[in-house]
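A.B. asks: sequence first, predicted coordinates after that:
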Amino acid sequence: MAKLDIMLWCRILFFLVAYLGFSGPVVFGQIEPTFRFARYGIEEGLSQVTALCLMEDDAGYVWIGTQDGLNRFDGYSFKIFKHNPDDDSSVSANRINTIFQDDDGEIWIGTTAGLNQFDPRKESFTRFGHNDSNRNSLTDDNVTAIVKDNSGTLWVGTDNGLNAFDIKTQRFKHYHHDLADSMSISSSRILSGLVDNQGTLWVGTDQGLNLYNPSDDSFTAFQNDPNDTTSISGDEIITMFQDNEERLWVGTSSGLNLFVEETKTFRRYLVEGKDPTSLSSGDIRAIGQDHKNRIWVGTR
């Protein structure tokens, strides 16, 4: 895998700072002012200044999804991909919600107008969208999350349902919340997804965290209980991260949570009044880990 140099990582971090309002390692570490940041905007070739998602691919390119276009950065310049209504092989929309590369090297892009698969040879896109006349199509066109499990299934989250995409047959299996079924997913509005190192699929919704049970095709939901301080701190699951010790961190709009596997409970990290060592905000947008094993948290 090609590796980016330090300066390019600085540039990636700048986009994170610009988008997330990131202020430092609020958990397990102090701020160490090490880098200077190069700024990139429209004048430098970026299609639009609000970066919604970032990904480095196996070739070392950095992909930046914005509110108006998909950008590929080679360390020197940007190549912009935009929707062209006269070209079915262009990206399906200009607002890019999420970018994901699977273990086969395929790049998938989630937009407000469906799922896209990138063809690097032709530099074109294959689109997958919702079709009312096709029950095997995507449940909704606003794609919010993409992950792939160990069986090769691509899981696609949308504003109206979770989809299990069979890449070979190009059919989507649908999952919606069902009030009559306590083992259905807790909400049809999907916000985030993660496949952990054990191959477990976790799905974040606006009504709780869900653990997928492949043995019976069901979900176990973890939701906030106001009377239980070991429950998850909030139900709007914005982001998830597994650290080097294989611990699951869950970012909500109401605090940071560490999942305790043994008891299936959560340890909460919240804004604690005027305590300067607590979180600066409870609205968690990003979680990461550095080479010193410190957990970094981006808030809004």
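C.D. replies: The structure has been received and is ready for your questions. Note that this is a predicted model, so its numbers are computed, not measured.

A.B. asks: can you list the residue ranges for helices in the stretch 101-250 of the chain?
C.D. replies: With DSSP state H, counting those that start in this stretch as the criterion, the stretch 101-250 of the chain has no helices.

A.B. asks: residue boundaries of the strands in it?
C.D. replies: 107-111, 114-119, 124-128, 143-148, 154-158, 161-166, 171-175, 190-195, 201-205, 208-213, 218-222, 237-242, 248-252 (DSSP state E, counting those that start in this stretch).

A.B. asks: switch those over to a markdown table; also include distance to Ser184 and mean pLDDT.
C.D. replies: C-beta coordinates here come from the backbone N, C-alpha and C atoms, glycine included. Formatted as a markdown table, these follow (distance: least, C-beta to C-beta, whole Å; pLDDT from 0 to 100):
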| stretch | distance to Ser184 | mean pLDDT |
| --- | --- | --- |
| strand 107-111 | 23 | 98 |
| strand 114-119 | 23 | 98 |
| strand 124-128 | 24 | 98 |
| strand 143-148 | 18 | 98 |
| strand 154-158 | 15 | 98 |
| strand 161-166 | 10 | 98 |
| strand 171-175 | 7 | 98 |
| strand 190-195 | 13 | 98 |
| strand 201-205 | 11 | 98 |
| strand 208-213 | 9 | 98 |
| strand 218-222 | 6 | 98 |
| strand 237-242 | 16 | 98 |
| strand 248-252 | 20 | 98 |
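
A.B. asks: and those as JSON lines, adding mean neighbour count and distance to Arg300?
C.D. replies: As requested, the strands of the stretch 101-250 of the chain are exported to JSON lines (neighbours: other C-beta atoms under 10 Å; distance: least, C-beta to C-beta, whole Å):
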{"stretch": "strand 107-111", "mean neighbour count": "24", "distance to Arg300": "20"}
{"stretch": "strand 114-119", "mean neighbour count": "22", "distance to Arg300": "26"}
{"stretch": "strand 124-128", "mean neighbour count": "19", "distance to Arg300": "30"}
{"stretch": "strand 143-148", "mean neighbour count": "23", "distance to Arg300": "17"}
{"stretch": "strand 154-158", "mean neighbour count": "25", "distance to Arg300": "20"}
{"stretch": "strand 161-166", "mean neighbour count": "22", "distance to Arg300": "25"}
{"stretch": "strand 171-175", "mean neighbour count": "18", "distance to Arg300": "28"}
{"stretch": "strand 190-195", "mean neighbour count": "23", "distance to Arg300": "14"}
{"stretch": "strand 201-205", "mean neighbour count": "25", "distance to Arg300": "16"}
{"stretch": "strand 208-213", "mean neighbour count": "21", "distance to Arg300": "19"}
{"stretch": "strand 218-222", "mean neighbour count": "19", "distance to Arg300": "23"}
{"stretch": "strand 237-242", "mean neighbour count": "22", "distance to Arg300": "9"}
{"stretch": "strand 248-252", "mean neighbour count": "25", "distance to Arg300": "10"}
